[in-house]
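S.K.: Here is my input, please return the structure:
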Amino acid sequence: MGYYLLRVFAFALFCQSVYSWSTEELAMYDLVEEVEGSFYELFEIEKDANSSEVKKAYRRLSMKWHPDRNREEGAAEMFRKIAAVYEVLKSEELREKYDFTLEYGLPDWRQPIYYVRRARKLSWYETFLVLLLICSTGHYLMLWGSYFDKYLTLSSNSSKLRKKEVRQQRKAGLDAEELHEAKICEQLAEHRPTFRNLLPFLFISFFLQCVTAVPQIARQIIDDMQATKLKDEVNAEPVHHFMPSSPAQPVYEFELACDVKPVLLNELKPDEDNNDDHRKHENQSRGSAKPPSVWSREELVSLLRLSDKYPVGTPNRWALMAKVLQRTPEDVCKMVANLKRIKQDEFMRELSLAQNVTAVSTSSQPTSCSGSISCAKRDSLSEDDKDAATSQQVAEDWSQQDQRMFEIALQQFPKGSADRWDKIANCVPHKTKQQCIERFKELSEVVRLRKIQHKAKRSKETQ
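M.R.: Down below sits the predicted model:
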């Protein structure tokens, strides 16, 4: 059996052509029915005429029946037939088929082409209606088939359980078959086909549902687009990872400070000596304020802490800081201005000389007999006593001009210069070598404490 199937399959593969009616043949059959007589009689040529004779006859007839030359009513139709006949006669294949048709006639009712040619040519809406009718009929029959299938399924499933019910119903004098049929029909009432289930009604219902759902679909699309846009905006915002949260800054209500004098950053002028005398007079008039004196190390540390406690913009900032330090606001402003003018890079380099400065100060102490302290006494004193002794050694405060000249001398005579502190003392008038060394110690300590404070603050923020 498999051998025969293989032979049939191989034969089907070798079949290269299938006999069927082409469009040219159908057009030729229609032309044969339109033309009265044969094509050879119309062209007035013999049946075995060659292509040149056919072409000459076509030229002669086209010149005669061309619509531009012949104004008769049927000239255009006759010219169309002549052109169609020429297309058939000039093709050898179509001419052979025409000769076969001329000898044996057109296909009769025993051939399918007969009914195809006799069928009515339908328009597009007629074709749609016919297809809709066929599909509706098939769909309706399929619905009934599904209904009977469910009916038979329920009947077969309930046949085994009916015996007891039938006996009870017979005792009661009821018709068991009718009751069973009514029960099944009641169960299948929803599945029973109706005219509303036909295909045209389903098309109309679907169209109405689509029309009514258009606003809801449009609203849903707009909502989805807005949600997508918001999501893109949220995703577009930069997300900063591993960034510590900055502490909340206090909100201050700024007031106009009328009692604070401006801080002068320029060099002192000759007439500023009178202003200094005036400030000293004001300081003496204030009983609660401390007279101007040398700033100790503890006071400088307290000044740095108070500057962080009362930041820039705090109302009456200088008065609050002066009250804690027991000094005048002018004195506090002056010291802050001096600290601002200190060049941090220069004093960072000078910090490395802290240990050498102690040795230099020890060697320079015999020159000033009034301010010298022995090494034995210095070891026995506590840190508070050392600070008190240091504050007593510097008899007067450093003015702005002295501080400026001291900074210039430090830059002019860097580390490693011979007799450095003697040269620096010569550059600063009214100051001794010991006072310059003590001043450098104080400023070095201030810079060191400020660095420690900044490091502690950064470590707290990082934690």
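S.K.: contacts and neighbour counts: CA atoms only from here.
M.R.: Will do.
S.K.: Now residue 49: phi and psi?
M.R.: Note on residue 49: backbone dihedrals following degrees, to the nearest 10 are phi -70, psi 150.
S.K.: before we move on, what about residue 313?
M.R.: phi 110, psi -10.
S.K.: cool, residue 191 as well?
M.R.: phi -90, psi 0.
S.K.: residue contacts, it?
M.R.: Residues in contact with residue 191, defined by CA atoms under 8 Å, 6 or more residues apart in numbering, are residue 147.
S.K.: what pLDDT does it get?
M.R.: With respect to pLDDT, residue 191 has a value of 82.
S.K.: Same check on residue 458?
M.R.: pLDDT, residue 458: 83.
S.K.: do residue 392 as well
M.R.: You'll see residue 392 listed with a pLDDT of 40.
S.K.: And for residue 287?
M.R.: 43.
S.K.: mind listing the helices for the stretch 201-350 of the chain?
M.R.: 272-285, 297-309, 317-325, 329-341, 344-351 (DSSP state H, counting those that start in this stretch).
S.K.: Tell me how many other residues crowd the nearest residue to residue 409 once chain neighbours are set aside.
M.R.: Distance criterion CA to CA, 6 or more residues apart in numbering; nearest residue to residue 409, sequence neighbours excluded, is residue 424 at 5.4 Å. Look at residue 424: counted by other CA atoms under 10 Å, it has 24 neighbours.
S.K.: Poorly predicted segments of this protein, please.
M.R.: Within the chain, the segments meeting pLDDT under 70 span 1-20, 157-178, 180, 237-293, 342-397, 463.
S.K.: and this protein, what are its domains?
M.R.: Residue ranges for the domains of the chain, per automatic domain parsing: 22-118, 124-197, 272-462.
S.K.: Compile the ones you listed into a markdown table and extend it with columns for distance to residue 234.
M.R.: A markdown table is the format used below for those (distance: least, CA to CA, whole Å):
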| stretch | distance to residue 234 |
| --- | --- |
| domain 22-118 | 66 |
| domain 124-197 | 50 |
| domain 272-462 | 28 |
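S.K.: Helix, strand or coil: sort out the residue nearest to residue 26 when sequence neighbours are not counted for me.
M.R.: Spatial nearest neighbour of residue 26, chain neighbours left out: residue 117 (7.7 Å); criterion: CA to CA, 6+ apart. Residue 117 falls in the helix class when you classify it by DSSP: H, G, I helix; E, B strand; the rest coil.
S.K.: Can you get me a residue count around residue 117?
M.R.: 14.
S.K.: Export stretch 125-140 to PDB, keeping only CA atoms.
M.R.: Extracted in PDB, the C-alpha atoms of stretch 125-140 (Å, rounded to 0.1, in the frame of the first residue of the first chain):
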ATOM      1  CA  TYR A 125     -23.000  44.900  -2.400                       C
ATOM      2  CA  GLU A 126     -24.800  42.000  -4.000                       C
ATOM      3  CA  THR A 127     -21.900  39.800  -3.400                       C
ATOM      4  CA  PHE A 128     -21.800  40.900   0.200                       C
ATOM      5  CA  LEU A 129     -25.500  40.200   0.700                       C
ATOM      6  CA  VAL A 130     -25.200  36.700  -0.800                       C
ATOM      7  CA  LEU A 131     -22.200  35.900   1.400                       C
ATOM      8  CA  LEU A 132     -24.000  37.300   4.500                       C
ATOM      9  CA  LEU A 133     -27.000  35.100   3.700                       C
ATOM     10  CA  ILE A 134     -24.900  32.000   3.300                       C
ATOM     11  CA  CYS A 135     -22.900  32.700   6.500                       C
ATOM     12  CA  SER A 136     -26.000  33.500   8.500                       C
ATOM     13  CA  THR A 137     -27.700  30.200   7.400                       C
ATOM     14  CA  GLY A 138     -24.600  28.200   8.300                       C
ATOM     15  CA  HIS A 139     -24.200  29.900  11.600                       C
ATOM     16  CA  TYR A 140     -27.900  29.400  12.500                       C
END
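S.K.: residues in contact with it?
M.R.: 193, 197, 198, 199, 200.
S.K.: Any quick ChimeraX command for the buried ones out of those?
M.R.: Here the buried members of the contacts of stretch 125-140 are turned into a ChimeraX selection, burial being counted by 16 or more other CA atoms under 10 Å:
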select :193,198,199
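S.K.: want to throw the contacts of stretch 125-140 into CSV with distance to residue 111 and secondary structure?
M.R.: Listed next are the contacts of stretch 125-140 as CSV, based on distance: CA to CA, whole Å; DSSP: H, G, I helix; E, B strand; the rest coil:
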residue, distance to residue 111, secondary structure
193, 41, coil
197, 40, helix
198, 37, coil
199, 35, helix
200, 36, helix
